[in-house]
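>>> Based on what follows, work out the 3D shape:
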Amino acid sequence: MRGRKPKATAEKERAGSYRKDPQRRNKNEPKAKRGYPKKPSLIAACKVASAQWDETCKTLDELGILTIADRSMLALYCQTYAEYLKLQQHVREHGCSQTNDKGNVSQTPEAVQVHRYADRLIKLMAEMGLTPSSRSRLVVKQAEEEDNPIDILLQRMGASNN
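From the prediction side, this is the model:
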């Protein structure tokens, strides 16, 4: 897929994109069930990844965006986080540069990997709404809000029920 990532339907709804052209709304958009996904055994086996899983699930649940469909993304994020910390510790202990036989100084492979893992983490965090800028674009229906059919109809017609 090329170009920008599409906006979330809730964001388009809030911006009024469907007022002029309501037939463009995806009526069959899948909605994942809210809740905690089951922790994969690979994550549970690693103390750091497991702790990050628990913390991230708690944070996403408090934000109201955790679903059971997030399992693979969470697993990838937690595994990447654990590897990043391992590499970071290695660089802290052994340094980030090395001198070869000819006296040239270069970065260690671990130092290069630290930067790659940091970039991956930032991308994964943005996908999950864990960065300030990605959170600013989220639109989450609050738990106390009910789907009142009359309010939905009035909203689609461009009127408000206030």
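>>> Mind naming the longest helix for this protein?
helix 71-94 (DSSP state H).
>>> Contacts for the helix or strand that that one is followed by, please.
Remark: after helix 71-94, the chain's next helix or strand is strand 97-99, criterion DSSP states H and E. The contact list for strand 97-99 (CB atoms under 8 Å, 6 or more residues apart in numbering) reads 105-108, 111. For every residue, glycine as well, the C-beta is placed using N, CA and C.
>>> Find the residue at the geometric middle of the chain.
The centroid of the chain falls nearest to Met128 when counting by CA atoms, centre = their mean (1.0 Å).
>>> Not counting sequence-adjacent ones, nearest residue to it?
Residue nearest to Met128 in three dimensions, not counting chain neighbours: Met73, with 6.2 Å by CB to CB, 6 or more residues apart in numbering.
>>> The one you found: what's it in contact with?
With contacts defined as CB under 8 Å, 6+ apart, the neighbours of Met73 are 124, 127-128.
>>> rewinding a little: identify each buried residue in the longest helix of the chain, please.
Neighbour counts using 16 or more other CB atoms under 10 Å place 71, 74-75, 77-84, 87-88, 90-91 of helix 71-94 among the buried residues.
>>> Distance from the chain centre to that helix, please.
16 Å (CA atoms, centre = their mean, to the nearest Å).
>>> Ok, stretch 4-18 next?
For stretch 4-18 - counting by CA atoms, centre = their mean - the centre lies 18 Å from the chain centre.
>>> returning to what we had before: measure the residue nearest to Met128 to Arg135 for me?
Distance, Met73 to Arg135, using CB to CB, to the nearest Å: 16 Å.
>>> Any idea how many residues pack against Glu62?
Residues near Glu62, counting by other CB atoms under 10 Å, number 9.
>>> Would you verify that it is located in a helix?
Yes. Under DSSP: H, G, I helix; E, B strand; the rest coil, Glu62 falls within a helix.
>>> Tell me the pLDDT of it.
pLDDT, Glu62: 89.
>>> got it, and Ser41?
pLDDT at Ser41 comes out at 97.
>>> One more: Leu154?
The model's pLDDT for Leu154 equals 68.
>>> What of Glu29?
We have a pLDDT of 76 for Glu29.
>>> again with Cys96
Taking Cys96 on its own, its pLDDT is 89.
>>> neighbours around it, how many?
Neighbour count of Cys96, defined by other CB under 10 Å: 15.
>>> State the distance from Pro6 to Arg34.
As judged by CB to CB, Pro6 and Arg34 stand 22 Å apart.
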